[in-house]
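J.: here is my input, please return the structure:
(chains A, B, C and D)
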2 protein chains.
Amino acid sequence: MNRLKAKKLIQVALVEDDPLLRANLAAMLNSSEGFHCQAAYADGPAALRGIRASRPDVVLMDINLPGMPGTDCVRQLKELAPHLPVLMLTVYDDSKQIFKSLMSGATGYLLKRTSRDKLLEAILEVHAGGAPMSRQVARQVVQFFQKADEMPVTTRNASVVVNLTEREKEVLAVLAKGYAYKEIADQLKISFETVRTHLRTIYEKLHVHSRTEAVLKYHGHEGGR
Amino acid sequence: MNRLKAKKLIQVALVEDDPLLRANLAAMLNSSEGFHCQAAYADGPAALRGIRASRPDVVLMDINLPGMPGTDCVRQLKELAPHLPVLMLTVYDDSKQIFKSLMSGATGYLLKRTSRDKLLEAILEVHAGGAPMSRQVARQVVQFFQKADEMPVTTRNASVVVNLTEREKEVLAVLAKGYAYKEIADQLKISFETVRTHLRTIYEKLHVHSRTEAVLKYHGHEGGR
DNA sequence: GGCGGACTCCCCTGAATGTGGTATGGTGCC
DNA sequence: GGCACCATACCACATTCAGGGGAGTCCGCC
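T.: I've put the predicted structure just below:
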């Protein structure tokens, strides 16, 4: 992707603790027409000190920083430079993190596996007043609204649990109280193996791969990951 | 923008009351490689009837429909085809409309002045599982989160969790989202073994003996056993 | 009668988890 | 300095869980 219109370089500041990734990102920016990596910081406090003085156009921030969480760093950054756009980078498209970041003041939210071109595009966009989000992130955000709407009524046994048979629901209900397989078997007066068979089909139907995920869905804490 | 990869046409259904715009959009789709305008409806009821039978891949819907508001139409569409992605089109970048649409089940939200290329891109994106939004819309959404100062997602790690150290709370928080030990280790940038050590003391403090029980306590579902 | 779906049970394998040790470095406090 | 507490990390062993087979009974439906 060429950006020939660049009349003035976009000054980018990086906050990323992994030295390799930091160097890569910096090199990538500096080798891209229209961009300049003005500074790169390894942790939150350093970034806050540096950015106060250097006033970049855009900040790229890892959400997983040692010491100070990226979200806290954003919050403080936003206090000293409210209009400075901050793009969060993360490997996880976990909804709690996303919302926490957005509420802290992040302007956009990208997954780390975003391609070079998409990343540059996002920097341009955020600089132009947009709010770029990776596909997965946007989807989470949209789902948040959709869930917020269902919330009043929706609780357990609703959307998620519908396609389960009666017996499967019973098994899931006991599972969701924290009982071990053999305890479930006792309670329902069936064998351990049968419990497992049910659980296998339950997992399939709920699209999960662990006990905890199933319990989360059952209790309505979706969107987790 | 070229989309040469199209192996199979994306079947698009239109819902737009303005005949001129409807015709233009249809023509635009049909003249674009990889897309096909399967049907075009002038109002909500017609769309609901038609889409029930024809099963398009993506729906493009005007938010201002005569008779039935686009938001209601989306809601009903979502009931009969929950996974059908719906892109809303509107002239207003008014936050109320946006949130109402998203809550009704719209998957993406575009302004009508969106360019042809952006529109096609958005259709591809929504078809691929994304949630495309126009720049202005994304910005509104982000601002919504920044204004909402309370957690949209539950954070009731109060009573039970008090005696845990900061780090332990962090570990528990990630555990409670369903991540495996090694994933927790990655996220917190500590070793697998350290995660296990933390979990051991967490279990001790919470008087539990399994992951699921800990998660239940964390989320406040104590009554269980 | 055959067929599919629900429910039941069993075997095996490999991965994840629970619990017992032990140990190092840092920090705060007396 | 000595002590307590925290965060980090590793080893080992037993148990539990997850996913892959297969298989028999009962019941409703075409």
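
J.: what about residue A:187, how many neighbours?
T.: Neighbourhood size, residue A:187 [other Cβ atoms under 10 Å in any protein chain shown]: 14. (Glycine included, C-beta is placed from N, CA and C.)

J.: distance of it relative to DNA strand D?
T.: To DNA strand D, residue A:187 is 13 Å away according to Cβ to the nearest atom of the strand, to the nearest Å.

J.: who's in contact with the nearest residue to residue A:19 once chain neighbours are set aside?
T.: Sequence neighbours aside, residue A:42 is the residue nearest to residue A:19 in space, at 7.3 Å (criterion: Cβ to Cβ, 6 or more residues apart in numbering or on different chains). Residue A:42 makes contact with A:15, A:16, A:17, A:19, A:22, according to Cβ atoms under 8 Å, 6 or more residues apart in numbering or on different chains.

J.: any idea how far the residue of chain A positioned farthest from its centre lies from residue A:183?
T.: Counting by Cα atoms, centre = their mean, the extreme residue of chain A relative to its mean C-alpha position is residue A:189, 41.6 Å from that point. From residue A:189 over to residue A:183 the distance is 12 Å, taken as Cβ to Cβ, to the nearest Å.

J.: repeat for residue A:211
T.: Here the criterion is Cβ to Cβ. By it, residue A:211 lies 13 Å from residue A:183.

J.: higher neighbour count, these two?
T.: Each of residue A:211 and residue A:183 has its neighbours counted (other Cβ under 10 Å); residue A:211 has more, 20 against 16.

J.: which residues touch the nearest residue to the more buried one once chain neighbours are set aside?
T.: Distances taken as Cβ to Cβ, 6+ apart place residue B:212 nearest to residue A:211, at 5.8 Å, with adjacent residues excluded. Counting by Cβ under 8 Å, 6+ apart, residue B:212 makes contact with A:175, A:178, A:211, A:212, A:215.

J.: okay, residue B:212: pLDDT?
T.: For residue B:212, the model assigns a pLDDT of 92.

J.: one more: residue A:162?
T.: What the model reports as pLDDT for residue A:162 is 58.

J.: swap in residue A:192?
T.: Reading off the confidence values, residue A:192 has pLDDT 91.

J.: does it really touch residue A:180, like I thought?
T.: No. Between residue A:192 and residue A:180 there is no contact under Cβ atoms under 8 Å: 9.6 Å.

J.: next secondary structure after the helix-or-strand element of chain A with minimal mean pLDDT?
T.: Per-element confidence for chain A was summarised using mean pLDDT, DSSP states H and E. The lowest value among helices and strands belongs to helix A:135-150, with a mean of 58. Sequence order places helix A:166-175 as the next helix or strand after helix A:135-150, per DSSP states H and E.

J.: mean confidence (pLDDT) on that next one, please.
T.: Taken as a whole, helix A:166-175 carries a mean pLDDT of 87.

J.: does the following helix or strand past that helix come close to chain B?
T.: Scanning forward in sequence from helix A:166-175 by DSSP H and E, the next helix or strand is helix A:181-188. No. Taking Cβ under 8 Å from any Cβ of the partner chain as the criterion, helix A:181-188 and chain B are apart, separated by no less than 8.8 Å.

J.: between helix A:181-188 and helix A:166-175, how big is the angle?
T.: Orientation of helix A:181-188 against helix A:166-175 (axes from the mean of the first three to the mean of the last three Cα atoms, to 10 degrees) gives an angle of 120 degrees.

J.: tell me where chain A has strands.
T.: Listed from the start of the chain, chain A has strands (DSSP state E) covering A:10-15, A:35-41, A:58-62, A:86-90, A:108-111.

J.: in the contacts of residue A:42, which residue is surrounded by the most others?
T.: When the contacts of residue A:42 are compared by neighbour count (other Cβ under 10 Å), residue A:15 ends up highest, at 30 neighbours.

J.: list the contacts for it?
T.: With contacts defined as Cβ under 8 Å, 6+ apart, residue A:15 is in contact with A:40-44, A:47, A:59-62, A:65, A:70, A:73.

J.: where does the prediction get shaky in chain A?
T.: In the predicted model of chain A, residues A:1-8, A:66-70, A:79, A:82, A:91-103, A:129-130, A:133-162, A:221-225 satisfy pLDDT under 70.

J.: again, 90 this time
T.: Scanning chain A with the threshold set as pLDDT under 90 gives A:1-170, A:172-174, A:176-178, A:180, A:183, A:186-189, A:201-209, A:213, A:215-225.

J.: name the residues of it found near DNA strand D, please.
T.: Residues of chain A that fall close to DNA strand D, judged by Cβ under 7 Å from any atom of the strand: A:180, A:181, A:182, A:196, A:197, A:199, A:200, A:203, A:209, A:210, A:211, A:212.

J.: between those residues, which is nearest residue A:81?
T.: Residue A:81 has its nearest neighbour among these in residue A:212, at 39.8 Å by Cβ to Cβ.

J.: how much space separates that closest one from residue A:175?
T.: Separation of residue A:212 from residue A:175 (Cβ to Cβ) stands at 10 Å.

J.: ok, how many other residues are close to residue A:191?
T.: Burial measure for residue A:191: 11 neighbouring residues, criterion other Cβ under 10 Å.

J.: residues in contact with it?
T.: The contact partners of residue A:191, taken as Cβ under 8 Å, 6+ apart, are residue A:185.

J.: what's the domain layout of chain A?
T.: Taking automatic domain parsing as the criterion, chain A consists of the domains A:10-145, A:159-218.

J.: out of the ones you listed, deepest packed?
T.: Per residue and on average, the most neighbours among the domains of chain A fall to domain A:10-145, with a mean of 20 (mean count of other Cβ atoms under 10 Å in any protein chain shown).
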